[in-house]
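Trainee: Next come a sequence and a model predicted from it.
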Amino acid sequence: MSKQSLIKKLGIKYPIIQSPMAGVSTIEMSSSITNKGGLGSIPLSTINFIRQDSIRKLNDIIDKYKSQLNDTQRVNIVNLNFFCHDIVSGPNTKQTENWKNLYNTTINSQDNFEVKELINDIEFQNGNVSFKEFEQNKDQFQILLDYLVSINPKIISFHFGIPLKQTIEFLQKHEIMIFITATSLAEVIKLLEYGIDGIILQGSEAGGHRGNFLSSDYQDEYLTTKALFLKTKEYFKTRSIEKIPYLVPSGGIMNTDTINWYLNQGADAVQLGTIFLSTPESTTSTFFNNYNPLESDTIMTNLISGKNARCINTKFITTLTNNYYEKQENLPGYGYSYYGYKKLKTQIDPALEDIGFYLCGLNHFQIKQGKTTNEIMDELIKDLKY
């Protein structure tokens with residue numbers, strides 16, 4: 001495949017894909033990146049497509065995206081992203097108690113009766129229903145598939161796992177490319193069995209949730225983006241592969257020189273997220289425009305959502321981690337833990353207690369504060385060579 005192949009298929013000018021960044025990115029961000037010639041991404045992990053109103057919600061999002069494009073006829077120039085983790089059972093009584101005890105112990109305002117009541121009154125729901133669960137609800141799932149085909153996005157991508165092969169083939173039959181995240185060579189090899197179009201090679205530097213789906217967190221090799229990319233390339237050289245997927249490195253990529261290096265080494269595009277965190281189009285821009293990046297470290301933690309994610313190691317995260325490892329008691333699974341945290345965060349006054357979960361990559365210290373998404377894109381594409 002030529003280096004221009006993916007760009008032409010996507011109908012974009014530059015091999016830059018925005019990381020979906022659920023809960024952080026906005027339609028304003030994704031449309032700005034598409035307008036500048038990259039590929040904007042829209043995260044859909046918070047929509048439960050088993051519910052009857054889900055398609056209306058998705059349609060509203062697509063309409064908003066379309067309204068902000070320079071060319072409203074190009075609404076399909078987009079990457080729609082789903083979470084595809086294993087289906088998680090609801091928490092038992094002990095897991096719920098452990099979570100509430102952990103948060104009561106952690107939050108500095110624990111002696112405030114109102115805050116303790118907020119924590120104790122939380123009832124856990126699944127805030128991130130897996131795409132795999134949608135697939136099991138056949139009637140409603142077919143409605144979702146039909147809608148996706150009708151808007152015909154250039155890419156539908158999956159994080160945390162793989163949908164059914166029949167789902168992949170159905171979407172591909174309607175000329176929608178399927179991209180899936182891999183964090184190890186073993187996951188890359190597994191994805192080859194499904195005939196997907198592209199692989200997001202997520203290195204350990206990447207911010208947000210780590211997309212590992214074969215190895216557990218404690219078995220994870222945590223390959224860097226460069227190591228995972230080069231290892232995958234070497235594997236491809238030694239095997240006869242009928243359909244070689246597009247390779248898109250993701251993690252730690254913060255400037256044009258790094259993009260050019262990956263493109264020169266054979267990457268088809270790159271995926272970036274952290275570089276946009278301080279822009280006004282990011283929901284966490286206030287934090288990232290006011291923190292000191294050289295005095296802020298990151299940590300990989302599963303204590304907020306139930307799955308490993310890289311974030312700023314704030315006082316809250318440090319205290320939460322220390323308190324957890326004193327007992328290491330079992331907590332609710334992914335989706336349920338995250339729901340509890342989000343519910344609590346919306347009800348606690350930040351001035352009283354900052355319990356922010358500031359997702360970002362290892363190279364966050366290279367963020368350029370005070371710039372818009374458009375300005376960041378202008379800098380990235382200025383000396384791009386591909």
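Mentor: It's in.

Trainee: Any figure for the gap between residue 47 and residue 284?
Mentor: Going from residue 47 to residue 284 by Cβ to Cβ, to the nearest Å gives 21 Å. C-beta here means a position set from N, CA and C on the backbone, and glycine is covered the same way.

Trainee: do residue 345 as well
Mentor: For residue 345, the distance to residue 284 - Cβ to Cβ - is 12 Å.

Trainee: And the two? Which one has more around it.
Mentor: Ranked by neighbour count (other Cβ atoms under 10 Å), residue 345 and residue 284 place residue 284 first, with 19 against 15.

Trainee: pLDDT wise, what is that one at?
Mentor: Predicted confidence (pLDDT) for residue 284: 97.

Trainee: Now for it: which residues touch it?
Mentor: By Cβ atoms under 8 Å, 6 or more residues apart in numbering, the residues touching residue 284 are 24, 277, 356, 358-359.

Trainee: shared neighbours of residue 345 and residue 284, anything?
Mentor: Common contacts of residue 345 and residue 284 (Cβ under 8 Å, 6+ apart): residue 356.

Trainee: Packing partners of the worst-scoring helix or strand of the chain on mean pLDDT?
Mentor: Here the helix or strand of the chain ranked lowest by mean pLDDT, DSSP states H and E is helix 113-120, holding a mean of 85. Under the contact criterion of 3 or more Cβ pairs under 8 Å, 6 or more residues apart in numbering; DSSP states H and E, the helices and strands touching helix 113-120 comprise helix 93-106, helix 336-347.

Trainee: can you tell which of the ones you listed is closest to residue 231?
Mentor: Shortest distance between residue 231 and the helices and strands packed on helix 113-120, using Cβ to Cβ, is found for helix 336-347: 31.1 Å.

Trainee: What residues sit buried inside the closest one?
Mentor: By neighbour count with 16 or more other Cβ atoms under 10 Å, helix 336-347 contains the buried residues 336-344.

Trainee: Likewise for stretch 57-65?
Mentor: Residues 58, 61-62, 65 are the ones in stretch 57-65 that count as buried (16+ other Cβ under 10 Å).

Trainee: now, which of those sits nearest residue 12?
Mentor: Looking across these and measuring by Cβ to Cβ, the closest to residue 12 is residue 65, at 15.0 Å.

Trainee: Residue 31 is in contact with that closest one, correct?
Mentor: Yes - counting by Cβ atoms under 8 Å, residue 65 sits close enough to residue 31 to count as a contact (5.7 Å).

Trainee: list the residues that contact both of the two?
Mentor: residue 40.

Trainee: returning to that earlier point: got CSV for the buried residues of helix 336-347, with pLDDT too?
Mentor: As requested, the buried residues of helix 336-347 are exported to CSV (pLDDT from 0 to 100):
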residue, pLDDT
336, 98
337, 97
338, 98
339, 97
340, 97
341, 97
342, 96
343, 95
344, 94
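
Trainee: out of those residues, which one sits closest to residue 199?
Mentor: Residue 199 has its nearest neighbour among those in residue 338, at 25.7 Å by Cβ to Cβ.

Trainee: mind listing what that closest one touches?
Mentor: Contact partners of residue 338, counting by Cβ under 8 Å, 6+ apart, are 127-128, 304-306.

Trainee: What about those residues, which are in strands?
Mentor: Among the contacts of residue 338, no member falls in strands (criterion: DSSP state E).

Trainee: Going by distance to residue 81, which of the residues you listed wins?
Mentor: Taking Cβ to Cβ as the measure, residue 81 sits nearest to residue 128 out of these, at 12.3 Å.

Trainee: give me phi/psi at the closest one?
Mentor: Here is the backbone geometry of residue 128 (degrees, to the nearest 10): phi -140, psi 80.

Trainee: Which residue is the nearest non-sequential neighbour of it?
Mentor: Nearest residue to residue 128 in three dimensions, chain neighbours excluded: residue 335, at 4.1 Å (Cβ to Cβ, 6 or more residues apart in numbering).

Trainee: ok, which pair from the contacts of residue 284 is furthest apart?
Mentor: Greatest spatial distance among the contacts of residue 284 (Cβ to Cβ): 277 and 356, at 12.5 Å.

Trainee: Next, give phi and psi for residue 171.
Mentor: Phi and psi for residue 171, reported as degrees, to the nearest 10, are phi -70, psi -40.

Trainee: doesn't residue 178 make contact with it?
Mentor: Yes - taking Cβ under 8 Å as the definition, residue 171 is a contact partner of residue 178 at 6.1 Å.

Trainee: Between those two, which contacts overlap?
Mentor: residue 156.

Trainee: Give the residue spans of the protein that score low on pLDDT.
Mentor: Along the chain, the model assigns pLDDT under 70 to residues 1-4, 108-112.

Trainee: The residue nearest the centre of it: what secondary structure?
Mentor: Among the residues of the chain, the one closest to the centroid is residue 21, at 4.2 Å (Cα atoms, centre = their mean). Taking DSSP: H, G, I helix; E, B strand; the rest coil as the rule, one finds residue 21 in the coil state.

Trainee: neighbours of the closest residue in space to it that isn't next to it in sequence, just the number please.
Mentor: For residue 21, ignoring the flanking residues on the chain, the nearest one in space by Cβ to Cβ, 6+ apart is residue 273 at 5.0 Å. By other Cβ under 10 Å, the residues close to residue 273 number 25.

Trainee: Also residue 173?
Mentor: Residue 173 has 9 nearby residues by other Cβ under 10 Å.

Trainee: Then residue 182?
Mentor: 26.
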